[in-house]
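Enquirer: This is a predicted model, with the sequence first.
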Amino acid sequence: MNLTGKLLIAMPGMGDERFEHTVIFLCSHTEDGAMGLIVNKTAPDVQLGDLLRQLDITPDPVTRGQIPVRFGGPVETQRGFVLHTPDYEASLNSLHVSETFSMTATLDILEDIAIGQGPDQVLMMLGYAGWGAGQLEGEIGLNGWLTVEATAGLVFDTDDDQKWGAALQSIGVDPLGLSSEAGHA
């Protein structure tokens, strides 16, 4: 089963506090492994304007400098990734994930965002979450993750602190009814 373009919802008690209450957008899922971006964990005290200035890019202070930067995952935390709507086609290096989402990890998208010519909707992340061959499937089998369809409304429009609960509710699960204990019949 290919989960590319889906959301992973961390289950309570999964055992890795880095992923507690996370929602991860899967950019790629193949037999060789998976790569995703946490969409609901804001990096403390980091704005896109801060990163742009470090790269000698002058942000438009009104429109783009104040975009929050998110913690995309524990792998390569100094590397930037932009999850965005597919309306941005200036980069030949964008990964077209689905009809609703693309991901770009090159400098040109940041330059375009800085001058207001980037995608309509963006989430900027530092780092990513990665799994080796079969690892994610094993974690799902151990009740570590639930999967759900990714929607632009949930990913781009829902407040970060509401995404985990909203993702669960999108599949009819009440977050208050979840237990950190796994059970088997």
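Expert: That came through, no problem. Numbers count the residues shown, from 1 in each chain.

Enquirer: contacts and neighbour counts: CA atoms only from here.
Expert: Fine.

Enquirer: So A166 is in contact with L154, correct?
Expert: Yes - the pair A166 / L154 is scored as a contact, 7.3 Å apart, by C-alpha atoms under 8 Å.

Enquirer: For S180, give me the pLDDT.
Expert: You'll see S180 listed with a pLDDT of 54.

Enquirer: So what's the model's average confidence on stretch 88-107?
Expert: 85.

Enquirer: just how off-centre is that stretch within its chain?
Expert: On the basis of C-alpha atoms, centre = their mean, to the nearest Å, stretch 88-107 sits 14 Å off its chain's mean C-alpha point.

Enquirer: Only the buried residues of it, if you could.
Expert: Using 16 or more other C-alpha atoms under 10 Å as the test for burial, stretch 88-107 gives 88, 94-97, 101-106.

Enquirer: Helices of the chain, start to end?
Expert: In the chain, the helices defined using DSSP state H lie at 48-54, 107-114, 135-141, 152, 160-169.

Enquirer: Next, format these as TSV and append distance to R18.
Expert: What follows is the helices of the chain, written out as TSV (distance: least, C-alpha to C-alpha, whole Å):
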stretch	distance to R18
helix 48-54	22
helix 107-114	27
helix 135-141	15
helix 152	24
helix 160-169	14
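
Enquirer: what about the chain, any weak spots by pLDDT?
Expert: 61-65, 90-92, 179-185 (pLDDT under 70).

Enquirer: at 50 what do you get?
Expert: 182-185 (pLDDT under 50).

Enquirer: Can you list the residue ranges for strands in it?
Expert: 6-10, 23-30, 33-38, 42-47, 68-71, 75-84, 95-96, 102-104, 122-132, 145-149 (DSSP state E).

Enquirer: What's the local residue count around the nearest residue to T30 once chain neighbours are set aside?
Expert: The shortest distance from T30 to any non-neighbouring residue, by C-alpha to C-alpha, 6 or more residues apart in numbering, is to N2 (6.6 Å). Look at N2: counted by other C-alpha atoms under 10 Å, it has 11 neighbours.
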